[in-house]
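Novice: Below are the sequence and a predicted model; questions follow.
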Amino acid sequence: MITSNAPNILKSLIVLMVGAIALFTLYIYIALNWSYSSGERAGFLQKVSHKGWICKTWEGELSLVAMPGAAPEKFLFTVRDEAIAQKVSAAAGKRVTLNYEQHKGLPSSCFGDTDYFVVDVKEIE
């Protein structure tokens, strides 16, 4: 009697694929919720834009001025929270302090163009 192993192979492939998807989802969850580093940067908020072809993200640029007359360094950042994005947009062109968290190892730009995610913004008077 000849028996076919096709149903067993199909079940094994399905279990393997579901396991791989579950592991990938767990990895994304950990990468988005565990912060590699955190800190704050102060400077002039130069640019804020909502961009992307499929995955729209808020991206911004902070001009860090160390000394008058020196070339400014740019700090590129991403904002994931819509409420924070509105606060950042309202502060465009002003001197601000950005609190951020760095999340390394995200697999695509759908989560943001940078590793630096702004979690709060404060205007400097």
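Specialist: Happy to help now that I have it.
Novice: When you work out contacts or count neighbours from here on, use the C-alpha atoms and nothing else.
Specialist: Noted.
Novice: where does this protein have low pLDDT?
Specialist: Low-confidence segments of the chain, defined by pLDDT under 70: 1-4, 66.
Novice: Give the phi and psi angles for the residue nearest in space to the middle of it, as a check.
Specialist: The centroid of the chain falls nearest to residue 112 when counting by Cα atoms, centre = their mean (4.0 Å). The phi/psi pair for residue 112 (degrees, to the nearest 10) reads phi 150, psi 160.
Novice: any idea how far residue 49 is from it?
Specialist: Going from residue 112 to residue 49 by Cα to Cα, to the nearest Å gives 12 Å.
Novice: Now the common contact residues for the two.
Specialist: Contact criterion Cα atoms under 8 Å, 6 or more residues apart in numbering; residues shared by residue 112 and residue 49: 58, 59.
Novice: what secondary structure does residue 17 sit in?
Specialist: Of the three states, residue 17 takes helix under DSSP: H, G, I helix; E, B strand; the rest coil.
Novice: Could you number the chain from 31 rather than 1 from now on?
Specialist: Sounds good: first residue 31 from here, last item residue 47.
Novice: Pull the number of nearby residues for it.
Specialist: Neighbourhood size, residue 47 [other Cα atoms under 10 Å]: 12.
Novice: ok, what's across the strand from residue 105?
Specialist: Using DSSP bridges, the bridge partners assigned to residue 105 are residue 92.
Novice: got the contact list for it?
Specialist: Neighbouring residues of residue 105 by Cα under 8 Å, 6+ apart: 91, 92, 93, 94.
Novice: where exactly do the strands run in the chain?
Specialist: For the chain, applying DSSP state E gives strands covering 67-81, 87-94, 103-109, 125-132, 146-153.
Novice: List the buried residues of the last one.
Specialist: Residues 146, 147, 148, 149, 150, 151, 153 are the ones in strand 146-153 that count as buried (16 or more other Cα atoms under 10 Å).
Novice: was I right about the residue nearest to the centre of the chain contacting residue 87?
Specialist: Yes: counting by Cα atoms under 8 Å, residue 142 does reach residue 87; the two are 5.8 Å apart.
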